[in-house]
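Student: Sequence first, then the predicted structure:
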Amino acid sequence: MGLSQYDEAIKSFEQVIKLAPEKANGYYGRGAAYATKGEFAKAKVDLDKAIGIEPDAKKYEARAMVNYELKDKIAAYADVQNAMDVDPNPVLTCSEAYYSCLI
């Protein structure tokens with residue numbers, strides 16, 4: 001995907017958020033798109049909202065990566081721990097990779 005495609009995805013997720021602001025999917029999707037573009041501060045806001053609505057390991061892992069990129073290793077570590085608390089037996093997760101980076 002080129003950056004313009006991520007911009008299109010962000011616009012699409014904005015429509016999802018308008019239609020269902022009580023659902024986490026729109027915030028998670030837009031946050032992931034922002035993160036892919038390197039707009040980590042915007043990504044964190046959306047991932048915070050998504051986790052507030054419906055916490056799960058996938059969202060915590062995404063926010064851990066964003067926090068790591070924002071140079072907040074303490075918050076990244078906490079999110080890795082939260083992801084593992086939610087799903088202690090993941091098949092293969094980003095948490096394992098980020099955990100090893102944070103130690």
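Tutor: Cool, the structure landed.
Student: Okay, now the unreliable bits of the protein?
Tutor: Judged by pLDDT under 70, the chain has its weakly predicted residues at 1-3, 90-103.
Student: Would you mind finding the longest helix in it?
Tutor: Assignment by DSSP state H gives helix 3-19 as the longest helix of the chain.
Student: can you state the direction angle for the helix or strand following that helix and helix 3-19?
Tutor: Going down the chain from helix 3-19, the next helix or strand is helix 25-37, by DSSP states H and E. Counting by axes from the mean of the first three to the mean of the last three Cα atoms, to 10 degrees, helix 25-37 points 160 degrees away from the direction of helix 3-19.
Student: Would you map out the domains in this protein?
Tutor: 1-54, 56-103 (automatic domain parsing).
Student: Apart from its chain neighbours, what residue comes closest to the most centrally placed residue in the chain?
Tutor: In the chain, the residue lying closest to the centroid (Cα atoms, centre = their mean) is Ala62, at 3.1 Å. What sits nearest to Ala62 in space, not counting adjacent residues and going by Cβ to Cβ, 6 or more residues apart in numbering, is Leu47, at 5.6 Å. Bear in mind the C-beta positions are built from the backbone N, C-alpha and C, glycine included.
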